[in-house]
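Asker: give me a 3D structure for the following:
(2 chains)
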Protein chains: 2
Amino acid sequence: MTIYASDQIHMSIPKAADVLGLGREQVRLVKSDARFRLDVRSLREMIEADMSRGLVPFCVVASAGTVNTGAVDPLAALARVAATYNLWFHVDGAYGALGSLDERKRPLFEGLERADSVSLDPHKWLYAPVDCGCLLFRDPAKARRAFLTDDADYIKVHEEAIDESFAFWDYGIELSRRFRALKIWMMLCYYGTRRIRAAISDDNDLAAYLAERVNLAEEFELLAPVELSICCFRYVPPAVHAALREAEPTERAHLNAELDQLNARIMHRVQRGGRAYLSNVTLNGSYGLRACVVNFRTTRDDIEQALDIVREAAREISEE
Amino acid sequence: MTIYASDQIHMSIPKAADVLGLGREQVRLVKSDARFRLDVRSLREMIEADMSRGLVPFCVVASAGTVNTGAVDPLAALARVAATYNLWFHVDGAYGALGSLDERKRPLFEGLERADSVSLDPHKWLYAPVDCGCLLFRDPAKARRAFLTDDADYIKVHEEAIDESFAFWDYGIELSRRFRALKIWMMLCYYGTRRIRAAISDDNDLAAYLAERVNLAEEFELLAPVELSICCFRYVPPAVHAALREAEPTERAHLNAELDQLNARIMHRVQRGGRAYLSNVTLNGSYGLRACVVNFRTTRDDIEQALDIVREAAREISEE
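Answerer: Got it, this is the predicted structure:
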């Protein structure tokens, strides 16, 4: 049985395939396009090829906001493929699905409404403290069929009203859980969609602003389009920038390897410095710095400062 | 591949077998003895029979404190069986393993130290608020081999010192987690083993006290030996008590069915009343009331009151 996802998919998907007893080889990685979105034509070809080899495709996983760059897979086209082959259509929206609240980004998410299941992490872009995960089902009865156990006395539900007799353990793998839903519910009630939408739109603006500053600075290079609130870039000393433009392939590979090392050292220095937090990313083979804005307190000034801190780290390294 | 556990095992084990892709039919339920402990001779016979049918036994799950009655399986004998057949030896100590802190109960837990893995729920008998689960491994490298993913940038561990580079996601299925360990660590430091042991011993005493009161009262019947801090009993109107003693098998079954209904009504009334909390249990086919003492504030007076509340519920039902 095979699962399909792009090469940008979150590690939780292959890990889930392992836990389910399928093995991570059963997660078929489809190549992504220049914007790091799953390539639908390749998906169709891979499914057909797998079926002709006797494999049994059962699930397509789309990313609505990849962890690396925030790319949103073409959800409507993927929903159609899933329907064609009768596959479960799961959307990993852990980081990004709430980005659809920003109306300017809404078109990216077309097709999300056709998912069989959507995962969300309110501790990411809904500003809730860790940990808080959420899984939405189109048809919860299917989850119940998978997880229901009704032969244990200690989990018998004695209430008869629908709300009172609802037991989460019938719909997933957990048996104990905090009432995390309360804090999310209260946050939604207190702030309301409009306020949350505004905060999410601001975060998107800040990532776009960061990309703008990166593009304007001769010592930075943008590594991926900014889709939501993630911006991936790297530091390139101006001299190297010029050399890269004119380099032969071998020389270019050499320069890139040096840039990878430099950016890795920058990232460690920034993380250890404690004034800004960037993570790392590998895109088209290059080591990059990844900024992800999911805080409603972040300002343009923070963005400027983060770039200054990166410049400072690069200067310190060059002086060592 | 088959897993072995007693018919008293917690539902989490068959559910885990489902999630692992094995299916709950692969959990082979071994009959339990008069004290609700796994019968070791039956286990050996079942393993031998399964192997001769071509099945592949790989795991024995013992309960160190079953959810129904607190029975502790014969751990030392089970460890020997596991060693003989080269099986993983898991001890489900979620409720009961900390009961071993009560020195009078220590002999029950002989063999616990030979487990490959032990599950604990500090939110049960370590007085921590829900949710807090804990899994101990004899050899964590085995968990790491099962769960390690080192191909995702965003989970690369950049620190090199052993403590700093330790990542829980390499040892289990979770990818995000609260720092629940902190509260447990602080509780252990603040109260210390002696104080916690005293509280656990008190809980055991209270369950024994409840059993004593049940045995002394003509309207109650004890349904299982009290091993740790769980006491299972049922309400039997004195007239029925006498009738049961003299009844023919058919008449006895009829009386028992009536007692089941009565005790179910009592349990609902007590739960809804909100003054005491009893859960239900089925033991040897009889519906019982189950009291589990895992609070350091419970007193003998609470025990007396709980019995009075049950009597009151029974009286109210008889008057309806």
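Asker: C-alpha only now, for contacts and for neighbours.
Answerer: OK.
Asker: which residue ranges form the helices in the stretch 1-150 of chain A?
Answerer: Secondary structure of the stretch 1-150 of chain A by DSSP state H, counting those that start in this stretch: the helices cover A:12-19, A:40-52, A:75-85, A:122-125, A:140-147.
Asker: format the ones you listed as JSON lines; extra columns: mean pLDDT and distance to chain B.
Answerer: Converted to JSON lines, the helices of the stretch 1-150 of chain A look like this (pLDDT from 0 to 100; distance: least, Cα to the nearest Cα, whole Å):
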{"stretch": "helix A:12-19", "mean pLDDT": "94", "distance to chain B": "5"}
{"stretch": "helix A:40-52", "mean pLDDT": "98", "distance to chain B": "21"}
{"stretch": "helix A:75-85", "mean pLDDT": "98", "distance to chain B": "23"}
{"stretch": "helix A:122-125", "mean pLDDT": "95", "distance to chain B": "10"}
{"stretch": "helix A:140-147", "mean pLDDT": "91", "distance to chain B": "7"}
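Asker: could these be laid out in CSV, adding distance to residue B:296 and mean neighbour count?
Answerer: As requested, the helices of the stretch 1-150 of chain A are exported to CSV (distance: least, Cα to Cα, whole Å; neighbours: other Cα atoms under 10 Å in any protein chain shown):
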stretch, distance to residue B:296, mean neighbour count
helix A:12-19, 37, 19
helix A:40-52, 58, 16
helix A:75-85, 53, 18
helix A:122-125, 34, 20
helix A:140-147, 34, 14
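Asker: out of those helices, nearest to residue B:185?
Answerer: helix A:122-125 (24.6 Å; Cα to Cα).
Asker: run through who's touching that closest one.
Answerer: The contact list for helix A:122-125 (Cα atoms under 8 Å, 6 or more residues apart in numbering or on different chains) reads A:94-96, A:98-99, A:128-134, A:184, A:200, A:294-295.
Asker: on that earlier part again, what's the closest of the helices of the stretch 1-150 of chain A to residue B:166?
Answerer: Comparing the helices of the stretch 1-150 of chain A by Cα to Cα, helix A:12-19 comes nearest, at 18.3 Å.
Asker: next, the angle from the closest one to helix B:12-19.
Answerer: Calculated by axes from the mean of the first three to the mean of the last three Cα atoms, to 10 degrees, helix A:12-19 forms an angle of 110 degrees with helix B:12-19.
Asker: quick check: buried residues in the host helix or strand of residue A:182?
Answerer: Residue A:182 belongs to helix A:180-216 when assigned by DSSP states H and E. Residues of helix A:180-216 classed as buried: A:184, A:187, A:196-197, A:199-211, A:213-214 (neighbour count, 16 or more other Cα atoms under 10 Å in any protein chain shown).
Asker: helix or strand next in line after it, which one?
Answerer: Downstream of helix A:180-216 (by DSSP H and E), the next one is strand A:220-222.
Asker: distance from that following strand to the middle of the chain?
Answerer: With Cα atoms, centre = their mean, to the nearest Å as the basis, strand A:220-222 stands 21 Å off its chain's centre.
Asker: who touches the very next helix or strand once past it?
Answerer: Using DSSP H and E, the helix or strand that follows strand A:220-222 in sequence is strand A:230-235. Strand A:230-235 is contacted by residues A:68-70, A:204, A:207-208, A:210-211, A:214, A:219-226, A:259, A:263, A:281, A:287-293, A:310-311, A:314 when judged by Cα under 8 Å, 6+ apart.
Asker: what is the following helix or strand past strand A:230-235 packed up against?
Answerer: Using DSSP H and E, the helix or strand that follows strand A:230-235 in sequence is helix A:238-246. Applying 3 or more Cα pairs under 8 Å, 6 or more residues apart in numbering or on different chains; DSSP states H and E, one finds that helix A:238-246 makes contact with helix A:249-273.
Asker: in the helix it packs on, what's buried?
Answerer: Neighbour count says helix A:249-273 has A:252, A:255-256, A:259-260, A:262-264, A:266-270 buried, by 16+ other Cα under 10 Å.
Asker: okay, those in a markdown table with pLDDT next?
Answerer: Output for the buried residues of helix A:249-273, formatted as a markdown table (pLDDT from 0 to 100):
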| residue | pLDDT |
| --- | --- |
| A:252 | 93 |
| A:255 | 95 |
| A:256 | 96 |
| A:259 | 97 |
| A:260 | 97 |
| A:262 | 97 |
| A:263 | 98 |
| A:264 | 96 |
| A:266 | 98 |
| A:267 | 96 |
| A:268 | 95 |
| A:269 | 97 |
| A:270 | 97 |
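Asker: ok, and of the residues you listed, which contact chain B?
Answerer: Subset of the buried residues of helix A:249-273 in contact with chain B: residue A:268, counting by Cα under 8 Å from any Cα of the partner chain.
Asker: from the buried residues of helix A:249-273, which is closest to chain B?
Answerer: When the buried residues of helix A:249-273 are compared for distance to chain B (Cα to the nearest Cα), residue A:268 wins out at 7.6 Å.
Asker: and the closest one, how far from residue A:41?
Answerer: 39 Å (Cα to Cα, to the nearest Å).
Asker: about what we covered before: to residue B:164, which of the helices of the stretch 1-150 of chain A lies closest?
Answerer: Here helix A:12-19 is closest among these (Cα to Cα), at 22.3 Å.
Asker: coming back round to it: out of the contacts of helix A:122-125, which end up buried?
Answerer: Buried members of these, scored by 16+ other Cα under 10 Å, are A:94-96, A:98-99, A:128, A:132, A:184, A:200, A:294-295.
Asker: buried stuff in the helix or strand of chain A with the lowest mean pLDDT?
Answerer: Lowest by mean pLDDT, DSSP states H and E among the helices and strands of chain A is helix A:162-165, with a mean of 72. Within helix A:162-165, no residue counts as buried by 16+ other Cα under 10 Å.
Asker: and that helix, anywhere near chain B?
Answerer: No. Residues of helix A:162-165 are not located near chain B by Cα under 8 Å from any Cα, the shortest gap being 12.5 Å.
Asker: from the chain's centroid, how far away is that helix?
Answerer: Going by Cα atoms, centre = their mean, where helix A:162-165 is centred and where its chain is centred differ by 34 Å.
Asker: please name every helix or strand in contact with it.
Answerer: Short answer (3+ Cα pairs under 8 Å, 6+ apart): helix A:162-165 packs on no helix or strand.
Asker: how distant is stretch A:11-27 from the center of its chain?
Answerer: How far stretch A:11-27 lies from its chain's middle: 18 Å, per Cα atoms, centre = their mean.
Asker: any idea how far apart the tips of it sit?
Answerer: 11 Å.
Asker: ok, and what's touching that stretch?
Answerer: A:1-5, B:19-22, B:147, B:149, B:152, B:173, B:175.
Asker: the residues you listed: which two are farthest apart?
Answerer: Top of the distance list for the contacts of stretch A:11-27 (Cα to Cα): B:22 and B:152, 27.8 Å.
Asker: higher neighbour count, the two?
Answerer: Shown here are residue B:22 and residue B:152; by other Cα atoms under 10 Å in any protein chain shown, residue B:22 has more neighbours (18 against 15).
Asker: so which residues make contact with stretch A:35-52?
Answerer: Taking Cα under 8 Å, 6+ apart as the rule, stretch A:35-52 contacts A:4-8, A:30-33, A:56-57, A:62, A:69, A:71-74, A:77-78, A:81, A:224-225.
Asker: pull the distance from that stretch to the chain's centre.
Answerer: On Cα atoms, centre = their mean, the centre of stretch A:35-52 falls 20 Å from that of its chain.
Asker: near chain B, which residues of chain A?
Answerer: So far as Cα under 8 Å from any Cα goes, chain A lies against chain B at A:10-12, A:15-16, A:19-22, A:67-68, A:130-131, A:147, A:149, A:152-154, A:158, A:173, A:175-178, A:268, A:279-282.
Asker: can you list which of those residues are found in strands?
Answerer: A:279-282 (DSSP state E).
Asker: from these, which single one is nearest chain B?
Answerer: Of these, the one sitting nearest to chain B (Cα to the nearest Cα) turns out to be residue A:281, at 5.6 Å.
Asker: pretty sure that closest one sits against residue A:292.
Answerer: No. At 11.5 Å, residue A:281 and residue A:292 do not qualify as touching, with contact defined as Cα atoms under 8 Å.
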